[in-house]
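Participant: A structural model of the following input is requested.
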Amino acid sequence: MNFTANRNILRWVIIAFAMVITALILWNTYEFFQQLKESEQKNMLEFSIASSDFNRADTNVENMGELGLTVMGNATTVPMIVENLKGEHTLRNLPEEIKNDSIAIQRLITKFAEENEPLVYNFNGKPIQTIYYGNSPIINKMKYFPLALLLILVLFGALIWFFYRSTKASEQNKLWAGMAKESAHQIGTPLSSLVGWTTLLKDTNVDPSYITEMEKDIERLQTITERFSKIGSIPTLSQMDIVDQTDKAVHYISSRSSKLIEFNVDLPSQPIMVKLNEQLYAWVIENLIKNGIDAMKGKGIIKIYLRADAHKVFITISDTGKGIPKSQWNKVFTPGFTTKKRGWGLGLSLAHRIIRDYHNGTIRVSESKKDAGTTFEMVLHKLQ
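Facilitator: Numbering: from 1, shown residues only. Okay, the predicted model is just below:
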């Protein structure tokens, strides 16, 4: 078993252990709360007996005994209303201002009866005293404690999920970056050989136009190699005219596309300066256009529109293809996601990373309808 597998197993063991510990804390807190409430109810029963003994002693304290006095004296936290045979009320551990408010007392009696079963003390088969009591302040505080722990458990689970997703995304990014750099390295070897062969061919009787076209393709391969080598590292951004860079990228792909593809390009006449990496930005434009061409199955209209306001530049690329279901609008930028029968699902993922991470911009599906086409929108910051 390799190191990565062992690390993943250890990670899940730690997560499971933490979840079990949290669950045990929740359970023990609940048990403690229940025991505390039962203890309070028992104390109230003892208070009821002591209070009734006091009443039957004709308020003669000496007839109660030390135990009765102690029990009554300890009931200093539980709010209660004692109702005697005549319907008179005695309040304990309640605000002074409600003692003369009969409506407030009745409300409290109703509330206390819902919280705890009233204690009725009978003498010679007749009820002589009823005690309505609520929860003590510590019980009121403790009953929210399990909820707080449950919330902590939920937040803890959310943190674990976020950590897992972030780790997984980081591993995917490293994988794609490694694949890109390895591809650049592999292309570089035969490319150097092609440059040497081109130099030798210039000394022969080969038609110069052939060599010119070969040099164009070699230059293109060099551009591709450099693009791949930049994945996973921070590229250099320079102050550039995005109108000119967009026009160049569109011209390159349109000149090599089928005549069945119609390009409608709407660009401003004046320069708009932004911070760009020329090669990576051109790669994004080409990727979006190629995706549009694939969606149209090689026949349709590609529209490129660029506009700017005081702070931002907006570039939209539309096609007349099959469209993307709304449920997949965000998924199209996930590494490996593709609706094509062929392909790795890397193009839009790399475009998303180039615009978001390297150019501090945004890219999204702004509109898409079935069999009507899709529009991608990029937003970059304009230099002031």
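
Participant: Please make it C-alpha for all contacts and neighbour counts, starting now.
Facilitator: Will do.

Participant: Can you name the element that comes right after the helix or strand hosting residue 162?
Facilitator: Here residue 162 sits within helix 145-201, counting by DSSP states H and E. With elements assigned by DSSP H and E, the helix or strand that comes after helix 145-201 is helix 208-230.

Participant: Kindly provide the whole-number mean pLDDT of the helix holding residue 162.
Facilitator: For helix 145-201, mean pLDDT is 70.

Participant: Which residue ranges make up each domain of the protein?
Facilitator: Domains of the chain are assigned by automatic domain parsing as 3-142, 145-217, 234-381.

Participant: How much space separates residue 363 from residue 376?
Facilitator: Using Cα to Cα, to the nearest Å, we find residue 363 at a distance of 7 Å from residue 376.

Participant: May I see the domains of the chain organised as a markdown table, with distance to residue 226 and mean neighbour count added?
Facilitator: Putting those into a markdown table (distance: least, Cα to Cα, whole Å; neighbours: other Cα atoms under 10 Å) gives the following:
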| stretch | distance to residue 226 | mean neighbour count |
| --- | --- | --- |
| domain 3-142 | 31 | 15 |
| domain 145-217 | 7 | 14 |
| domain 234-381 | 8 | 17 |
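
Participant: so can I have JSON lines of those domains showing distance to residue 225?
Facilitator: Output for those, formatted as JSON lines (distance: least, Cα to Cα, whole Å):
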{"stretch": "domain 3-142", "distance to residue 225": "30"}
{"stretch": "domain 145-217", "distance to residue 225": "5"}
{"stretch": "domain 234-381", "distance to residue 225": "11"}
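
Participant: Against which helices or strands is the helix or strand that contains residue 289 packed?
Facilitator: In this assignment (DSSP H and E), residue 289 forms part of helix 278-295. Applying 3 or more Cα pairs under 8 Å, 6 or more residues apart in numbering; DSSP states H and E, one finds that helix 278-295 contacts helix 208-230, helix 242-255, strand 300-308, strand 312-318, helix 347-353.

Participant: Of all the ones you listed, which one is nearest residue 165?
Facilitator: Proximity to residue 165 (Cα to Cα) singles out helix 347-353 among the helices and strands packed on helix 278-295, at 16.2 Å.

Participant: Put the alpha carbons of that closest one into CSV.
Facilitator: What follows is helix 347-353, C-alpha atoms only, in CSV (Å, rounded to 0.1, in the frame of the first residue of the first chain):
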residue,chain,number,x,y,z
GLY,A,347,-9.7,22.9,-21.5
LEU,A,348,-12.4,24.8,-19.5
SER,A,349,-10.8,23.9,-16.2
LEU,A,350,-7.5,25.4,-17.3
ALA,A,351,-9.3,28.4,-18.7
HIS,A,352,-11.0,28.9,-15.4
ARG,A,353,-7.7,28.7,-13.5
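
Participant: what comes into contact with it?
Facilitator: By Cα atoms under 8 Å, 6 or more residues apart in numbering, the residues outside helix 347-353 that reach it are 283, 284, 287, 288, 332, 333, 334, 335, 362, 363.

Participant: and if we set it to 7 Å?
Facilitator: 284, 287, 332, 333, 334, 335, 363 (Cα atoms under 7 Å, 6 or more residues apart in numbering).

Participant: Report the mean confidence score over the helix holding residue 289.
Facilitator: For helix 278-295, the per-residue pLDDT averages 90.

Participant: cool, and stretch 298-308?
Facilitator: 94.

Participant: Work out the gap between it and the centre of the chain.
Facilitator: 33 Å (Cα atoms, centre = their mean, to the nearest Å).

Participant: can you check stretch 88-101 too?
Facilitator: Its chain's C-alpha centre and that of stretch 88-101 lie 51 Å apart, by Cα atoms, centre = their mean.

Participant: Which strand or helix spans residue 113?
Facilitator: helix 102-115.

Participant: related to what we said a few turns ago, quick check: angle from the helix holding residue 289 to strand 300-308?
Facilitator: Calculated by axes from the mean of the first three to the mean of the last three Cα atoms, to 10 degrees, helix 278-295 forms an angle of 140 degrees with strand 300-308.

Participant: quick one: contacts of helix 278-295?
Facilitator: By Cα under 7 Å, 6+ apart, the surrounding residues in contact with helix 278-295 are 227, 249, 253, 319, 321, 322, 347, 351, 354.

Participant: Could you rerun that using 6 Å?
Facilitator: Helix 278-295 has contacts (Cα atoms under 6 Å, 6 or more residues apart in numbering) with 249, 319, 321, 322, 351.

Participant: and the two most separated of the residues you listed?
Facilitator: Greatest spatial distance in those: 249 and 322, 24.1 Å, computed using Cα to Cα.

Participant: wait, residue 367 sits on residue 375?
Facilitator: Yes - taking contacts as Cα atoms under 6 Å, residue 367 lies within contact range of residue 375: 5.2 Å.
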